[in-house]
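Novice: here is the input, now give the coordinates:
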Amino acid sequence: MPYRNDEVKDLQVAPKWELVPTHEEAYGGFRLPGVLMLLFSLPLLFFFGIGILFMRGLVLVEPNESKAVLLFGKYKGTIRTAGFHWINPFTTRRHVSLRARNFDSTKLKVNDQRGNPIEIGAVVVWRVKDTAQALFDVDHYESYVAVQTESAIRTTAAKHPYDAASDGEVSLRGDSAEVNAELMAQLTERLSHAGVEILEVRLSHLAYAPEIAGVMLRRQQAEAIIDARQRIVEGAVSMVKMALDDLRDKDVVHLDGSQTATLASNLLVVLCSESDAQPVVSTGA
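Specialist: Down below sits the predicted model:
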């Protein structure tokens, strides 16, 4: 028996699976007012239980709810009209809520683009848009939403760094709007197989993992100090230049090169010092 050959040309990639969607359609079967049929069925309860059969056809649909109707295993349509109805008593009805729901993911521990461990979580607002797809194209659509949401969060977190190292780079902390939009696009594509509509996605938790939180906090503090010092020095140099130009243009004093350097040095010390400067007045004695 020959050994296995792992050359690239011998590897076969499985074709992408495609699901034939079961699109929702309105129930077109026989339907009567539920109150009328209830009054008709009550007297028939005393005749060998015929009234029980008629009462089995009663269907109550509340606002923002739907009933998927099946007859002997075949999908016959969906009732979305709120009210009290009577349909074929031999049908089976499956309830689906069309109200908006929240899914709050747990705090997931993942690695960002740079490999730093972070904790991230998101809140997803969703609702069922197509009852047929939600019931027949996936198994337990609520669990499907939870699993796909956590998978999309992990994928999005791994594509971006926690903090941007350069201008124009999308980061998880600094560009939440872009991250939310990307996460929403992923979830819309992933959950389209389940007939679910995504209304809103927002990051609810974002932090470094506890094992590196202290180190990253000191790093952020150092970066803030460096940025502040840079701004102070840039402002001080501009003020010294403005002062020397005014002295020269208004002919207040005449300074040679060494005196100009000394004055500029003293002004920079005063402007860049963290504490108040203590001037020393020379009397010329």
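
Novice: now do the phi/psi pair for residue 154.
Specialist: Backbone torsions for residue 154, taken as degrees, to the nearest 10, come to phi -60, psi -40.

Novice: identify the residues contacting it.
Specialist: 108, 110 (C-beta atoms under 8 Å, 6 or more residues apart in numbering). No exception for glycine: its C-beta is placed from N, CA and C like everyone else's.

Novice: what pLDDT is listed against it?
Specialist: Each residue has a pLDDT score; the one for residue 154 is 91.

Novice: how close does it get to residue 207?
Specialist: In this view, residue 154 and residue 207 are 16 Å apart by C-beta to C-beta, to the nearest Å.

Novice: pLDDT wise, what is residue 90 at?
Specialist: 89.

Novice: which intervals of this structure have sub-threshold pLDDT?
Specialist: The model of the chain has pLDDT under 70 over residues 1-19, 30, 43-49, 165-166, 212-216, 219-223, 273-285.

Novice: all helices for the stretch 1-150 of the chain, in order.
Specialist: Along the stretch 1-150 of the chain, counting by DSSP state H, counting those that start in this stretch, helices occupy 34-44, 50-55, 131-136, 141-159.

Novice: against which helices or strands is the helix or strand following the longest one packed?
Specialist: It stands for helix 141-159. Heading C-terminal from helix 141-159, the first helix or strand you meet, by DSSP states H and E, is helix 176-190. Using 3 or more C-beta pairs under 8 Å, 6 or more residues apart in numbering; DSSP states H and E, the elements in contact with helix 176-190 are helix 141-159, strand 196-208.

Novice: any idea which of those gets closest to residue 132?
Specialist: helix 141-159 (11.2 Å; C-beta to C-beta).

Novice: buried ones in that closest one, by neighbour count?
Specialist: Of all the residues in helix 141-159, those buried under the rule 16 or more other C-beta atoms under 10 Å are 141, 144, 145, 148, 149, 150, 152, 153, 156, 157.

Novice: which non-adjacent residue is nearest the second one?
Specialist: If the residues on either side of it in the chain are set aside, residue 144 comes closest to residue 138, at 4.7 Å by C-beta to C-beta, 6 or more residues apart in numbering.

Novice: so who does the one you found touch?
Specialist: 144, 193, 194.

Novice: make TSV out of these and add distance to residue 69.
Specialist: Formatted as TSV, these follow (distance: C-beta to C-beta, whole Å):
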residue	distance to residue 69
144	23
193	22
194	20
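
Novice: now, among these, which is nearest to residue 131?
Specialist: Sorting the contacts of residue 138 by distance to residue 131 puts residue 194 at the head of the list, at 10.8 Å, by C-beta to C-beta.

Novice: Provide a list of residues in contact with that closest one.
Specialist: Shown in contact with residue 194 (C-beta under 8 Å, 6+ apart): 133, 134, 137, 138, 141, 144, 145.

Novice: which single one of those residues is nearest to residue 121?
Specialist: Checking these against residue 121 with C-beta to C-beta, the nearest one is residue 145 at 15.1 Å.
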